[in-house]
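Visitor: Pasting the sequence and the predicted coordinates here, then a few questions.
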Amino acid sequence: MFRIAGIIVIVLFQAATMSLAPRGAAADGPPPVSGWMELFTFIDPPAPAPQTAFLTGDGREISLADFQGHVLLVNFWATWCAPCVRELPTLDRLQADLGAEGLLVVALNQDRRGASVARPFLKKLGLTQLPLFLDSKMKLGRALGVRALPWSLIVDRAGNVVGMLPGYAEWDSPEGVALIRHYLAEEKSPPPKKSGCGCRPNPPKQLKSAE
């Protein structure tokens, strides 16, 4: 009887261990998306980010390649876009929480008047963690296939676009933090080969606000 009981204990232990163990490729893949991340679409295979130039708040020309080695949350927003205004504080908090781990939120303002409008707007909202970036002529937005505002994409440490999320999301939610941390945990990879970004080639000329 004691032997039977011992066998039962061993079987139960093995079953519990198997249920906790990683299950091959599924454990290595992207995390499940839920809640605010339900609309996040993975790009498979990931595509090299375009090298289209945009501006810093002080007018310096840069590209996403200048941040390679970081995980980038690239967000397109405008002062006239109500969902963008609601979303910006969640991005500010996310940068504060995960910046030390290697995240950089690249929040690209789309207003035609650029820094003269965007800088005081961010100050008015009390956002202190988001650097000011400008894409006033929507060149990078078009290169990435942005079709509405707000619109967010994640670029991994190797400079590849791994997924996108159109519309408003609370990026500092538990599911948003989990998604970003998945890519932060990946080790740095060699630079990708230069090629087309694999994005929509001819997005509409005018952006609209996405609720």
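Guide: Everything's here; your move.
Visitor: Excluding chain neighbours, what is closest to D58?
Guide: Nearest residue to D58, sequence neighbours excluded (C-beta to C-beta, 6 or more residues apart in numbering): A115, at 8.0 Å. Placement of C-beta: from N, CA and C, glycine included.
Visitor: pLDDT score assigned to the one you found?
Guide: Per-residue pLDDT puts A115 at 97.
Visitor: Next, count neighbours for it.
Guide: 19 (other C-beta atoms under 10 Å).
Visitor: same question, the one 3 residues further on
Guide: A count of neighbours around A118, defined by other C-beta under 10 Å, yields 23.
Visitor: check contacts around it.
Guide: 57, 79, 109, 111, 132, 134 (C-beta atoms under 8 Å, 6 or more residues apart in numbering).
Visitor: how near is the first one to A107?
Guide: Right, the one you point to is G57. 11 Å (C-beta to C-beta, to the nearest Å).
Visitor: Quick check: neighbours shared by these two?
Guide: With C-beta under 8 Å, 6+ apart, G57 and A107 have common neighbours 131-133.
Visitor: related to what we said a few turns ago, PyMOL command for the buried members of the contacts of A118?
Guide: To isolate the buried members of the contacts of A118 in PyMOL, using 16 or more other C-beta atoms under 10 Å:
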select buried, resi 79+109+111+132+134
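Visitor: Narrow the contacts of A118 to those in strands?
Guide: Mapping the contacts of A118 onto strands (DSSP state E) picks out 109, 134.
Visitor: Which one of the contacts of A118 is nearest to H70?
Guide: L132 (17.1 Å; C-beta to C-beta).
Visitor: my read: the closest one touches G57, true?
Guide: Yes. L132 is within contact range of G57, at 3.2 Å (criterion: C-beta atoms under 8 Å).
Visitor: any shared contact partners between the two?
Guide: Counting by C-beta under 8 Å, 6+ apart, the residues touching both L132 and G57 are 115, 118-119.
Visitor: Tabulate those (CSV), appending distance to V74.
Guide: Formatted as CSV, the shared contacts of L132 and G57 follow (distance: C-beta to C-beta, whole Å):
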residue, distance to V74
A115, 18
A118, 16
R119, 19
